[in-house]
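Chemist: Structure for the following, please:
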Amino acid sequence: MLLVYNSLLLCFSSLLLVCIGADNLPTCQPRDFHYELTECDPTGGRWRVSVPKAGVCTGGAPNAPVRLQDCSLTCKSGEYFDLELLQCHDCPPGTYSLGGMIRHEIWDQLPDGFSVLVEPLTSRSSFSMLERERSFTNCSKSEWQTRGDYIAFPGGSCVATLVYTVRLIQPGALHYTYQYPDDDTIFEFQAQNELCQSVSSGGDEIRWPAVTEEGKWRTSKSVQLPAGLNVLQWKAMGITGRHQTKPLLIKSIEVSGVADPAVSTGCTPCRNGTHAPAPRSRQCQDCPVDSYAGRGATQCIRCDAKTSYASSGSGRCHKRPPCTQNDYFEVHSACDERNNTLVTYQWVEPRTCRDDLPSSAKLPSGAERRKCPPCNPGMQMDYSTGTCRFCPPGSISDGIRPCRSCPPSTAPNTGLQFIWWSALPGVMSSRCMSLEGYTGTGCTTAAAWLTSGDHLRTGHGHAPDSYLILSLKIDKGFRAGRGTVSFTFQLDCEGDCQFVFMQSSPAKGISVIQTWSGRVPKQHFSYSIPQNGSYTFNWAFQKQAWSEDAGLPYSATGVQRLRLFDTDSARIDSINVTNTIEGGASVCLPCAQGADASGCIPCPPGHYTEMASTHCKPCPANSVVLDPGAVGKSACINCGPGLISTDGKTCTTDCTPNINGTRYDLRKIGSKFHEVRGSLLFTASGMQYFHVFNISLCGREPVNCANNITFQAEGEPKSVKALICRTTLIPSQSLDASGGSSPLSTQSVTLGDHLLGITNEAQFGETRVLDEFYSPKDLHVFFGTPTATKSCPKGRTTTVTLRCDADQPGAGQVTLPSRCPDGTCDGCHFHFLWSSSTVCPICGSQDIKIVKSECVAGEQNVHYLAPKYCLMADDVPGTKKVPCSTEIPFVLQLIIMGCVGTAVLLCLTVFICWKRNRRLEYKYSRLARQRSSTPNNGSGNDTTSSLKDNGNECETELAAAESCALDDDEEEDEVSVTVPMKSFGLVNKIRSMTAYKSESGSPFETIQLTEAQS
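Modeler: Residues are numbered from 1 along each chain as shown. Next up is the predicted model:
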């Protein structure tokens, strides 16, 4: 209740103050009123009413309202609608009118009807470090910024929207001029009505504007708009956020169909630097050089030719500074028959300096005759024109001597080699491009690069934000589809200048290869051509980056801009392009296969030219020849580990690599491409996008990443084919022709166009497996692409780690790094972990477990079982039915043979013991018989003699002994009996071989006998 009371009190106080203020205002006079038109009513008419100026007066007697019956009344271009007379009149000189059209080209501040929105990108989760960084992105520096002659989106990981609301009385059209050099920024245009329904037609080429060249303006295609309220939106979004993207600029916006007389009630004064000399002007004209004009001028005023100057379209004259040596350059005349040239000096035009001041540099007078510098290799002097020309096909030259034909079986090594710069070659051109256009105030002349004998250098006097571009065009491509571009350069800058090397082609569009900034000493740079085709290579130099130029007032177009960092320059000493079809040559190469009009017929794939015999020789197995023109066995390059080559040109795999004796079968997941999606990212308004990776593991068929929203300058969508590629998908909110909703794809890039190797090592070359994904048991597949980018000068690499996981059947699961949810932590090296049971190694014979079932009807099932850590080979069945086998296993055979051998040996031992025992019994029986026939008192010798005498008495009959034991009263008497040893069996023969003898040396055995004493 208290809150309501306070609100009422506040409203009452405000109303009281207004009433008190109104009482103090004077009464409105007729001069204080002006006419306005009301909105059209349902009957199609409107009223002209007289309205006083707000806050100037009150009351008075306004004129009576006047009814206009036709709301569609319009004026033509160059006319305006006079509200007092209610009819169209011509615009006076110094002004212009577009009639039923509105044009916005002055961006000192946001015009009426415009607004800017900016929102950060967010993710579904913020667990990773990258997501946390994105969640705290400051978008204050990523909104659309007015910069005088244009409005710009500076880039960044934010979504910035420029909104323009305009009402059309009749159907009209929209045109806008923009500059969109960096496809790392998504640029989208939408036209909607007041119900947020799309009203624009024209398809994706209207919604997704085409990419432009660096510093080049482009006018959009006509966008048809219906009558009524239209909400026009230009939406820009930086995806990568890893480096500063080039700004997106809009220079002018023009809308027709705004036929409302309430809008065209006056003519627009011409802006500074332009004039309209005649009435009924549709547009104003730029002032010529050395003249200026203020706002609403009817004519341009000439500057003092001696002390001041002005570029085209200047709003004021600028004071001429003293001339320096950078304000003139050498001019070489055509070489004469004596190979001499006349050197003169000219001022850089238009001339913006004074040479009459004491501190001014003077233009060297007179002419100096010099010896003409040599032509570039592969060229000869044409004295009829005094210029160098390429040698005819089949001939060579070192640039000094005339062209001569190559010997038989040889052909010229054609290329483009420029080391002398007396004139710009015909295949090259230079131009200056500023943010105002080709002839804007930023460029004093279109000649941006100047020839200086042994080098090229950038011109002087241009604005710091101007692009000085040198272009080299290759129309016919390269021999054998391969070549290199190399150049030597240096940068001499006081500020943070930029030097950019770019390439453009119909197939791959515009791409930045390398960027240098600041002072750079002389260095050499080389770049390999990734794909055959027509190319244009550009070298662009800018004294000051766009972001730094923001600190200068854009209206300061005089000495403050044209002379800022005037001594900063770029220098190119040489440019060399190899293996081109067009151009010249300085050497002849031996041709093993002969020659044709284009040069040597190359050896077959996988062959090299032998130096001595000039014959084609095959390379070793699993090696390739990248340069068919190379001579010697060094041209053969071995494939990486785990790779093979079947055509001699590319290294690939058959999906069954053998790594250190371990076989793998990757055909189940490598024969088709696999799609991997990154984490979802969202804008604050809910718009989502995500990255999609297409992977062809074995490389049999390249995958395709197509763009359907990013168009090149020719209007063709950009498509990428590689073994691994990435594209950015934005779910579409609109229905297509079939009634469905197809996603929008953009920013397709190559992550790997060839295989580098398959190994279980943690590192291959300079590429290392992510520590999070490394395990000694895993298999790693390395991919690479040599295509350099601004962020990755050495190209990109991708590692796919294959992990055996029995719990992941079929295609398994692909995992991205936890700290890098988009697959990369630096934008150049990508990592994937592919877990599946199908990537396990092939089992060896020692790994397979064999289980046999029970014999049934003479047959049994043999089961082959593989452990979890390996897969069964294709030629090993899971179950096989075989006849029951009675064969004893070899191990059991050995055991049985051992047992049988042991039993035989035991039996033999028992037999020998038994035979020996029989012999002893026999001897004992004879002894007992002899004893019975001999007296008891006989001596031992008699006993022995008796045995000898009666040794042959075998028939003597012995008395049966009653007992062999001794009586109690008998004593033992040892009797020694010596008998000769006889050989019984194998054992005794062996004993005899041991030369067993008694202590006396006799080969007789002594047996101790004990006889009883009587």
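
Chemist: Which residue, other than its chain neighbours, is closest to Gly59?
Modeler: Leaving aside its sequence neighbours, Gly59 sits nearest to Thr27 (C-beta to C-beta, 6 or more residues apart in numbering; 4.8 Å). Quick note: C-beta positions are derived from backbone N, CA and C, even for glycine.

Chemist: residues near the one you found, how many?
Modeler: By other C-beta atoms under 10 Å, the residues close to Thr27 number 11.

Chemist: do the same with Ser409
Modeler: Neighbours around Ser409, by other C-beta under 10 Å: 14.

Chemist: I'd guessed it sits against Cys591; true?
Modeler: Yes. Between Ser409 and Cys591 a contact is recorded at 5.3 Å, counting by C-beta atoms under 8 Å.

Chemist: Give the residues shared as contacts by the two.
Modeler: Common contacts of Ser409 and Cys591 (C-beta atoms under 8 Å, 6 or more residues apart in numbering): Thr614.

Chemist: Next, the contact list for the residue nearest to Asp398 when sequence neighbours are not counted, please.
Modeler: Nearest residue to Asp398, sequence neighbours excluded (C-beta to C-beta, 6+ apart): Ser586, at 5.2 Å. The contact partners of Ser586, taken as C-beta under 8 Å, 6+ apart, are 377-378, 396-399, 413, 417.

Chemist: quick one: which of those is nearest Trp217?
Modeler: Gln417 (34.7 Å; C-beta to C-beta).

Chemist: so the closest one sits in a strand?
Modeler: Yes. The assignment for Gln417 is a strand, going by DSSP: H, G, I helix; E, B strand; the rest coil.

Chemist: Run a quick neighbour tally on it.
Modeler: Gln417, neighbours per other C-beta under 10 Å, totals 20.

Chemist: Same check on the one 5 residues further on?
Modeler: Around Ser422 there are 24 other residues, counting by other C-beta under 10 Å.

Chemist: From Val676, how far off is it?
Modeler: 55 Å (C-beta to C-beta, to the nearest Å).

Chemist: from the contacts of Ser586, which is closest to Leu905?
Modeler: Asn413 (86.6 Å).

Chemist: so where's the stretch 351-500 of the chain uncertain?
Modeler: Along the stretch 351-500 of the chain, the model assigns pLDDT under 70 to residues 435-442, 444-447, 461.

Chemist: quick one: low-confidence parts of the stretch 851-1000 of the chain?
Modeler: Ranges of the stretch 851-1000 of the chain meeting pLDDT under 70: 885-888, 933-1000.

Chemist: can you do 90?
Modeler: Scanning the stretch 851-1000 of the chain for pLDDT under 90 picks out 851-897, 910-1000.

Chemist: how about the helices in it?
Modeler: Counting by DSSP state H, counting those that start in this stretch, one finds helices in the stretch 851-1000 of the chain at the ranges 890-932, 940-949, 985-993.

Chemist: Repeat that for the stretch 451-600 of the chain.
Modeler: Using DSSP H, counting those that start in this stretch, helices in the stretch 451-600 of the chain cover 546-549, 559-562.

Chemist: I'd assumed Ala191 was in contact with Val231.
Modeler: Yes. Look at Val231 against Ala191 with C-beta under 8 Å: they come within range, at 7.3 Å.

Chemist: Could you check how far Asn24 is from Arg31?
Modeler: Counting by C-beta to C-beta, the gap from Asn24 to Arg31 is 20 Å.

Chemist: do Lys672 as well
Modeler: 83 Å.

Chemist: of these two, who's got more company?
Modeler: Set Lys672 next to Arg31 and count neighbours by other C-beta under 10 Å: Lys672 wins out with 15 against 8.

Chemist: got the contact list for the closest residue to Ser395 other than its chain neighbours?
Modeler: Closest residue in space to Ser395, ignoring its immediate chain neighbours: Cys403 at 4.3 Å, by C-beta to C-beta, 6+ apart. With contacts defined as C-beta under 8 Å, 6+ apart, Cys403 is in contact with 380, 391-392, 395-397.

Chemist: what does Ile469 give?
Modeler: Listed by C-beta under 8 Å, 6+ apart, the contact set of Ile469 reads 214-215, 430-433, 448, 538-541.
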